[in-house]
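In: sequence isn't available, so here's the structure alone:
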């Protein structure tokens, strides 16, 4: 599995979450198998997102779509996104 990790500050987490939940890029249609939304305990206006895919190509395609979206909402919903595509090497539940 491949994960697209995204993080960025947001002016309002609730406003950002509303935009995220509206799913403007069609996560399921784009191959997202699972997503996680995280927020630092000490920074309520920061969002971290993990989108899980079956392939690198699907993750790269989603990242390109997100770059287009971010170009339209930069500074209003979020700012300065940082991304990386990583592969899952191991998971274990305890």
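Out: Good, I have the coordinates. Owing to the predicted nature of the structure, the values given are computational and were not obtained by experimental measurement.

In: after the longest helix along the chain, which helix or strand is next?
Out: Using DSSP state H, we find that the single longest helix of the chain is helix 56-73. Downstream of helix 56-73, the first helix or strand assigned by DSSP states H and E is strand 82-87.

In: for that following strand, name the packing helices and strands.
Out: strand 2-9, helix 56-73 (3 or more Cβ pairs under 8 Å, 6 or more residues apart in numbering; DSSP states H and E). For every residue, glycine as well, the C-beta is placed using N, CA and C.

In: and those: which comes nearest residue 37?
Out: Nearest to residue 37 among the helices and strands packed on strand 82-87 is strand 2-9; the distance by Cβ to Cβ comes to 9.9 Å.

In: now the closest one: buried residues?
Out: Using 16 or more other Cβ atoms under 10 Å as the test for burial, strand 2-9 gives 2-8.

In: now stretch 62-69
Out: Buried-residue list, stretch 62-69, by 16+ other Cβ under 10 Å: 62-63, 66, 69.

In: residue 42: which of those is nearest?
Out: residue 66 (25.8 Å).

In: specify the beta-bridge partners of the residue sitting nearest the centre point of the chain.
Out: Central residue of the chain (Cα atoms, centre = their mean): residue 49, 3.9 Å from the mean position. According to DSSP bridges, the partner residues bridging residue 49 are residue 6, residue 37.

In: distance-wise, check it relative to residue 65.
Out: Going from residue 49 to residue 65 by Cβ to Cβ, to the nearest Å gives 14 Å.

In: can you put the buried residues of strand 2-9 in CSV and add distance to residue 24?
Out: Output for the buried residues of strand 2-9, formatted as CSV (distance: Cβ to Cβ, whole Å):
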residue, distance to residue 24
2, 22
3, 20
4, 16
5, 19
6, 14
7, 18
8, 15
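
In: what is the end-to-end distance of stretch 81-94?
Out: With Cα to Cα, to the nearest Å applied, stretch 81-94 spans 32 Å between its terminal residues.

In: I'd like the helices and strands packed on strand 82-87 as CSV, with mean pLDDT appended.
Out: Output for the helices and strands packed on strand 82-87, formatted as CSV (pLDDT from 0 to 100):
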stretch, mean pLDDT
strand 2-9, 98
helix 56-73, 96
